[in-house]
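> sequence below, structure please.
(one chain, ligands or ions: 1)
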Amino acid sequence: MLQDLAPHVYRNEISWKAPESDDLALAFGEDRTLLCRMEGDRIILPRMADIPAGTAQYAFSIDGRAYYLVPVPEEPPDGFLHTKTSALRAQTDHTSVELFAAAAGESLWRWYRANRFCGRCGVQMEPSKTERAMVCPACAETVYPKICPAVIAAVTDGDRLLLTRYANRPFRKYALVAGFAEIGETIEDTVRREVFEETGLHVKNLRFYKSQPWVFTDTLLMGFFCELDGSADVTLQTSELAEARWFSRAEIPADHSNISLTGEMIERFRRNLERSEP
Ligand SMILES: [Zn+2]
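Predicted structure coming up:
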């Protein structure tokens with residue numbers, strides 16, 4: 001999946017290290033672009049030495065090399081272009097270090113950009129000196145990175161799996177029931193509520209499978225397999241879904257994209273592996 005970078009090592013704790021010339025620059029534009037160039041399927045980022053010195057916010061490191069969020073330079077360095085981040089995802093190897101760095105970096109960039117001013121009193125926020133947070137110098141309001149918990153629910157009925165397709169979204173492939181946790185709700189209750197809201201079905205025997213940081217939407221996905229409890233008749237929530245229907249293992253289309261938890265869970269079921277260790 002996207003975050004499976006081994007043998008590469010991703011370190012996400014905040015650091016106050018000053019940029020070095022060989023560190024990498026993530027320059028995101030307001031029009032959802034990243035300054036980079038493509039070499040075949042690889043995203044090449046500018047080095048800090050390639051861009052004018054200025055403000056730089058440490059993001060993370062991979063294999064000991066630091067990545068910094070920097071403002072878009074007035075003149076792009078030679079050979080680098082502003083490329084739509086959605087195009088990067090469409091073109092590149094879905095398990096590449098560079099794609100992960102671009103996607104995780106964009107999530108951080110969105111968060112820093114959205115928290116420049118205090119939502120409580122309006123004063124300009126400052127980065128915390130002790131942790132990854134933005135702090136208001138006037139009222140001490142503290143804001144942590146935005147990570148929204150959500151579930152992916154694979155509803156099974158013996159040899160059948162419930163697959164869905166979204167209404168009103170560009171993603172046209174089959175998916176699983178999904179949705180965000182609400183305040184005050186356990187993640188297991190999120191599974192039961194989302195399955196019922198979207199399909200009218202009840203589920204039992206929830207079994208946690210795996211989680212995935214889906215950085216494209218600031219989401220932490222938690223995947224569950226669960227079993228149908230009662231009637232298998234679907235009542236579709238048409239505002240969310242265009243389709244929800246039962247597929248036998250043999251009918252499920254194979255998915256080798258290897259990027260998402262949803263894809264991996266569907267594939268596990270198709271290959272009759274949903275009960276074995278992840
Ligand atoms: Zn404040």
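> drop to CA atoms for contacts and neighbour counts, all remaining ones
OK.
> quick one: name the residues of the protein near the ion.
Contact residues (CA under 5 Å from the ion) of the chain with the ion: Cys118, Cys121, Cys136, Cys139.
> which among those count as buried?
Buried members of these, scored by 16 or more other CA atoms under 10 Å, are Cys118, Cys136.
> tell me which of the residues of the chain next to the ion is nearest to Ser15?
Ranked by distance to Ser15 (CA to CA), the residues of the chain next to the ion are led by Cys136 at 20.0 Å.
> wait, the closest one touches Gln124, no?
Yes - in this structure, Cys136 is within contact of Gln124 by CA atoms under 8 Å, at 6.8 Å.
> shared neighbours, those two?
Phe117, Cys118 (CA atoms under 8 Å, 6 or more residues apart in numbering).
> quick check, Ala254 in a helix?
No - membership of Ala254 in a helix is not supported by DSSP: H, G, I helix; E, B strand; the rest coil, which gives coil.
> can you report how many residues neighbour it?
Ala254 has 13 neighbouring residues, counting by other CA atoms under 10 Å.
> Leu221 now?
Around Leu221 there are 24 residues (other CA under 10 Å).
> that one in helix, strand or coil?
Under three-state DSSP, Leu221 falls in the strand class.
> contact partners for it?
Pro149, Ala150, Val151, Ile152, Ser211, Gln212, Pro213, Trp214, Leu261.
> hmm, try it at 10 Å
147-152, 178-180, 210-215, 260-262 (CA atoms under 10 Å, 6 or more residues apart in numbering).
> just Leu273 next, same as before
Leu273 neighbours (CA under 10 Å, 6+ apart): Met265, Ile266, Glu267.
> hmm, back to that, which of the contacts of Leu221 are buried?
147-152, 178-180, 211-215, 260-262.
> isn't Ala53 right up against Val70?
Yes - between Ala53 and Val70 there is a contact under CA atoms under 10 Å: 9.3 Å.
> so which of those two has more stuff around it?
Legend: neighbour count by other CA under 10 Å for Ala53 and Val70, higher for Val70 (22 against 11).
> now for that one: which residues touch it?
Counting by CA under 10 Å, 6+ apart, Val70 makes contact with 24-28, 48, 51-59, 109.
> of the residues you listed, which belong to helices?
Trp109 (DSSP state H).
> contact partners for the residue most central in space within the chain?
For the chain, the residue nearest the mean C-alpha position is Trp214 (1.6 Å; CA atoms, centre = their mean). Contacts for Trp214 (CA under 10 Å, 6+ apart) come out as 1-3, 103-104, 107, 147-150, 220-221, 259-261.
> now it. Its backbone dihedrals?
Backbone torsions for Trp214, taken as degrees, to the nearest 10, come to phi -90, psi 80.
> correct me, but Thr199 touches Ala244?
Yes - if you go by CA under 10 Å, Thr199 and Ala244 touch, sitting 7.2 Å apart.
> which neighbours do these two have in common?
The contact sets of Thr199 and Ala244 overlap at Leu162, Thr164, Val177, Val234, Thr235, Leu236, Gln237, Thr238 (CA under 10 Å, 6+ apart).
> which among the residues you listed count as buried?
For the shared contacts of Thr199 and Ala244, buried by 16+ other CA under 10 Å: Leu162, Thr164, Val177, Val234, Leu236, Gln237.
> state the helix or strand in which the second one lies.
So the one you mean is Thr164. Element membership for Thr164 (DSSP states H and E) is strand 160-166.
> give me the distance from that strand to the chain's centre.
Offset of strand 160-166 from its chain centre (CA atoms, centre = their mean, to the nearest Å): 21 Å.
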